[in-house]
Every structure is written in structure tokens, then in C-alpha cells.
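Asker: generate a structure from the sequence data that follows.
(2 chains)
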Amino acid sequence: GAVVSQHPSRVICKSGTSVKIECRSLDFQATTMFWYRQFPKQSLMLMATSNEGSKATYEQGVEKDKFLINHASLTLSTLTVTSAHPEDSSFYICSARPDRGLNGYTFGSGTRLTVV
Amino acid sequence: AQKITQTQPGMFVQEKEAVTLDCTYDTSDPSYGLFWYKQPSSGEMIFLIYQGSYDQQNATEGRYSLNFQKARKSANLVISASQLGDSAMYFCAMREGWDFGNEKLTFGTGTRLTIIP
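Answerer: Take a look at the predicted model:
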């Protein structure tokens, strides 16, 4: 089945530093990947849609300069949280849908970011 | 307006009983897809079942079935013979947009299911 690898699973960083999260489709190509943010006991909120070879589409209220998305290949999308602040602490999760075949979306295992 | 509504924040069910998790949706797009995902405490999102808007039959996957009532815009998940391992958060989601660049997967607020031994 389709597998999405997301790294790191946990990261602690200091305020003001940047953190990069990788989302990689291991056995399929995905032109489109999605980045979500999830606060404790809440739903997944779509942050942005990452499209290979073009600029990401950000949801309303998401700062594109703070959450940089790069989708450089059909199997890799990265989310960089720039100048992180404690309020950026959250669970970030990516998903991808295979370009061919399946209707389903496969999710990475998520990244728990803690900014201290 | 909410695209996906899950009205049950939490449910407690006796082991081996069947359980229905409610989901209603709102869209003007004639073509859409409906999903159910399970999220255990580890945080991973596990795909359970999919129903396309044009599918004539209700989707089934093992112990999971989707009660799709298109006119009522509901897509309830039914879990038969519940097990302790079914305890988790359950999310209903809807896909809209089938062209490159306008695809979107929107989630409901979730239902926390607890199975009681």
C-alpha cells in the first residue's frame, strides 16, 4: 500500500530558530500534498496545499512567509517553520494522494513541534 | 458554514456492540468523496473507508460500513462488533475539487470513541 514517511516525529527548538519537516511518499508519486496542523483534542486544519513545481496554496489566515512549503519533486514536500515561537507548538501532519489509482489519502505519522 | 459536521464529541460503547458515528456534510459540488479516518493516541491517521458521491452501493470494509444517504447529505460510519482496539478519535472528511490545484480535503471535528470492556 501507499506509504508516506514524515520526519522528524518530534522536535524541540528554541524560539527564533527554524525547523524543517519532511514529507516523503515512498512508493508512489504525488503531484499534490497537503499540510495540516492539529491542536490537542481538535480536528485537522488544512494549512496549505503543496503542488509539485509550483507555489503552494495557503489557506486563509496562514502566513506563507512563516510556513514555507517546497515541493521540489513528485515524492517530497517540506514545511519549514521560520522564526518559531511557542504558539507555533503543535502537531503537524502531511498527506498525499497517489497520482494514479487510489482515491484515498495517505498520511504521514505527524511531527510534534515544541518551541521553547 | 461547516462543511463537515460531527455532532458526537464523545461516545462510550460496550465491547462487541455495534456503533454508529454520525457525519453530515455540505457541498454544492455534484462530485465529491467522503472518507472516514481513525486516529489513535499515537497520532497517525488510519484510512478506514471511502464513498464516492456517484457510488450506488454503500461502501463496506470488513467491520466498517458507510451508511450513505445522499439526499440527507449524511455519511455515517457503522462499526460492527466493536473491539477494545477501536477506541480512538474518528474523523469524517470530504474531498472537493477534482482539478489540479483546487483539490481540498476537509475534516470534521471528530468523535472520540471509547469501548468499554
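
Asker: which element is the residue nearest to A:K20 when sequence neighbours are not counted on?
Answerer: Nearest residue to A:K20, sequence neighbours excluded (Cβ to Cβ, 6 or more residues apart in numbering or on different chains): A:T80, at 4.7 Å. Where you see a C-beta, it was placed from the backbone N, CA and C, and this is true even at glycine. Taking DSSP states H and E as the criterion, A:T80 maps to strand A:76-81.

Asker: list the buried residues of that strand.
Answerer: Judged by neighbour count (16 or more other Cβ atoms under 10 Å in any protein chain shown), strand A:76-81 contains these buried residues: A:76-79, A:81.

Asker: now do stretch B:105-117
Answerer: Those would be B:105-111, B:113, B:115, for stretch B:105-117 by 16+ other Cβ under 10 Å.

Asker: try stretch A:62-80
Answerer: A:62, A:67-69, A:71, A:74-79.

Asker: how about residues contacting it?
Answerer: A:18-26, A:28-31, A:33, A:35, A:47-48, A:50-54, A:56, A:58, A:81-83, A:88, A:92, A:94, A:96, A:99 (Cβ atoms under 8 Å, 6 or more residues apart in numbering or on different chains).

Asker: hmm, back to that, distance check, the residue nearest to A:K20 against chain B.
Answerer: Separation of A:T80 from chain B (Cβ to the nearest Cβ, to the nearest Å): 21 Å.

Asker: ok, the one residue in chain B that gets nearest to chain A - contacts?
Answerer: Minimum separation of chain B from chain A (Cβ to the nearest Cβ) falls at B:M45, amounting to 3.7 Å. Taking Cβ under 8 Å, 6+ apart, we find B:M45 in contact with A:44, A:93, A:95, A:107, A:110, B:37-39, B:91.
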